[in-house]
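S.K.: sequence below, structure please.
(one chain, ligands or ions: 1)
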Amino acid sequence: MGQRCLALYSGTSNRELAEEVAKYLGVELGEIEIRRFSDGEIYARIAKSVRGAEVYVIQSLGSKVNEYFMELLIIIDALKRASADEVTAVIPYYAYARQDRKTKSREPISAKLIANLLTVAGASRVVTMDLHAGQIQGFFDIPVDNLSALPLFTRYFQDKNLKNPVVVSPDIGGVTRARALADRLHTPLAIIYKRRPAPEVAEVEEIIGEVEGRDVIICDDIVTTGNTLFSAAKLLKLKGARDIYAAVTHGILTNDAHKKLQESEIKELVVTNTIPIPLEKRVPKLTIISIGNLLGEAIKRISNKDSLSSLFD
Ligand code: R5P
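M.R.: Numbering: from 1, shown residues only. Now for the predicted structure:
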């Protein structure tokens with residue numbers, strides 16, 4: 001029996017990251033013809049045979065989320081119908097993850113719907129990073145590898161020589177993540193109590209923990225409007241914090257969040273490239289670190305049936 005060949009494909013959302021992963025793996029990105037019809041329908045055709053192949057499709061869901069998600073489903077469908085043996089959906093940022101439960105009557109659980117759709121399309125595994133809630137893995141009955149950007153942030157901030165640093169969670173939901181970064185950096189932890197009176201409106205109220213005279217790293221999974229981050233930074237400054245940094249995995253940065261960042265109390269916001277950030281949004285206070293090698297290594301290990309555990313160290 002011949003060995004299965006590994007094939008790597010990219011949707012149109014984050015080609016730059018996919019190229020980095022391909023380089024790490026020493027493979028070429030497979031060719032797909034992707035077109036839009038005049039009514040908006042998406043067409044995808046895999047250029048070469050993938051019969052019996054082990055296929056990985058990279059697609060980020062940061063901006064134009066519905067468009068890119070539908071494109072991903074159509075690519076997976078094309079691959080399965082072309083007799084690919086296995087298709088892994090590599091989704092560096094899993095959108096809709098914040099809709100993971102009903103908080104009011106008659107609401108959807110969209111994170112579960114996304115999981116169902118991926119499975120029905122034919123994905124046999126999902127690779128993602130810093131899911132908003134780890135439990136989302138349980139929405140799938142296929143393996144989910146939820147990678148973490150914390151090792152990358154740890155190395156980045158270890159080199160900074162911060163003064164008396166403290167890691168801050170900007171809300172109660174982010175405490176586990178912030179605690180993990182604090183443990184890695186051997187710093188204390190502080191927690192901000194945040195209320196959300198309406199979607200995308202953040203009101204920060206109180207800080208639990210000591211921040212006065214300390215450099216601060218706010219740790220979060222997502223920055224969308226930036227309201228959470230900027231109001232947290234304002235409160236931290238009021239409470240006497242020194243330099244304020246932020247480490248956030250997914251930099252969605254909608255509308256003019258990049259401009260607000262530049263005017264905010266934050267000295268530097270460090271995000272990863274799970275979501276491509278257009279050039280005009282790359283303001284001086286924004287640093288982007290790449291997950292390309294980490295993702296490449298994860299794919300290599302999955303393909304070789306090796307453990308992924310050490311990628312979390
Ligand atoms: C909330 O639970 C998340 O972890 C983020 O804090 C939030 O989604 C960020 O959104 P925004 O930037 O719009 O405040």
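S.K.: that's a strand at residue 275, yeah?
M.R.: No - according to DSSP: H, G, I helix; E, B strand; the rest coil, the state of residue 275 is coil, so it is not within a strand.
S.K.: by contact count, what packs against the longest helix anywhere in the chain?
M.R.: Using DSSP state H, we find that the single longest helix of the chain is helix 65-81. In terms of contact count using 3 or more CB pairs under 8 Å, 6 or more residues apart in numbering; DSSP states H and E, helix 65-81 is assigned the packing partners strand 32-36, strand 42-46, strand 54-58, strand 86-91, helix 110-121. All C-beta spots, glycine's among them, are computed from the backbone N, C-alpha and C.
S.K.: flag every buried residue along the longest one.
M.R.: Meaning helix 110-121. Of the residues in helix 110-121, those buried under the neighbour-count criterion (16 or more other CB atoms under 10 Å) are 111, 112, 114, 115, 118, 119, 121.
S.K.: give the next helix or strand downstream of that helix.
M.R.: strand 125-129 (DSSP states H and E).
S.K.: who does whatever helix or strand comes next after that following strand touch, helix- and strand-wise?
M.R.: As assigned by DSSP H and E, the chain's next helix or strand after strand 125-129 is strand 144-147. Applying 3+ CB pairs under 8 Å, 6+ apart, one finds that strand 144-147 makes contact with strand 125-129, helix 292-304.
S.K.: ok, then the element right after strand 144-147?
M.R.: Toward the C-terminus, strand 144-147 is succeeded by helix 150-158 as the next helix or strand (DSSP H and E).
S.K.: give me the contacts around the helix or strand just after that next one.
M.R.: Read in the C-terminal direction, the helix or strand following helix 150-158 is strand 166-169, with elements assigned using DSSP H and E. Applying CB atoms under 8 Å, 6 or more residues apart in numbering, the set of residues contacting strand 166-169 from outside is 175, 177-179, 181-182, 185, 187-192, 207, 209-211, 214-220, 232, 236.
S.K.: am I right that residue 8 is in a strand?
M.R.: Yes - note on residue 8: a strand contains this position according to three-state DSSP.
S.K.: residue 234 reaches residue 265, doesn't it?
M.R.: Yes - between residue 234 and residue 265 there is a contact at 5.7 Å, judged by CB atoms under 8 Å.
S.K.: these two: which is more packed in?
M.R.: Between residue 234 and residue 265, counting by other CB atoms under 10 Å, residue 265 is the more crowded of the two (18 against 15).
S.K.: returning to that earlier point: do you know which of the helices and strands packed on strand 144-147 lies nearest the ligand?
M.R.: In terms of CB to the nearest ligand atom, the element of the helices and strands packed on strand 144-147 nearest to the ligand is strand 125-129, at 14.0 Å.
S.K.: the inter-axis angle of the closest one versus strand 86-91?
M.R.: For strand 125-129 against strand 86-91, the angle between stretch directions is 20 degrees (axes from the mean of the first three to the mean of the last three CA atoms, to 10 degrees).
S.K.: average model confidence for strand 125-129?
M.R.: The predicted model gives strand 125-129 an average pLDDT of 98.
S.K.: give me the sheet partners of it and which way each runs.
M.R.: The partner list of strand 125-129 in its sheet, established with DSSP bridges, is strand 86-91 (parallel), strand 144-147 (parallel).
S.K.: what does the last one rub up against?
M.R.: Here strand 144-147 makes contact (CB under 8 Å, 6+ apart) with 125-131, 134, 136-137, 291, 294-295, 298, 302, 308, 311-312.
S.K.: repeat the analysis, applying 10 Å as the threshold.
M.R.: The contact list for strand 144-147 (CB atoms under 10 Å, 6 or more residues apart in numbering) reads 88-92, 94, 115, 118, 125-131, 134, 136-138, 249, 274, 291, 294-295, 297-299, 301-302, 308, 311-312.
S.K.: from those, which would you call buried?
M.R.: Using 16+ other CB under 10 Å, the buried ones in these are 88-92, 94, 115, 118, 125-131, 136-137, 249, 274, 291, 294-295, 297-299, 301-302.
S.K.: please consider this matter closed, and thank you.
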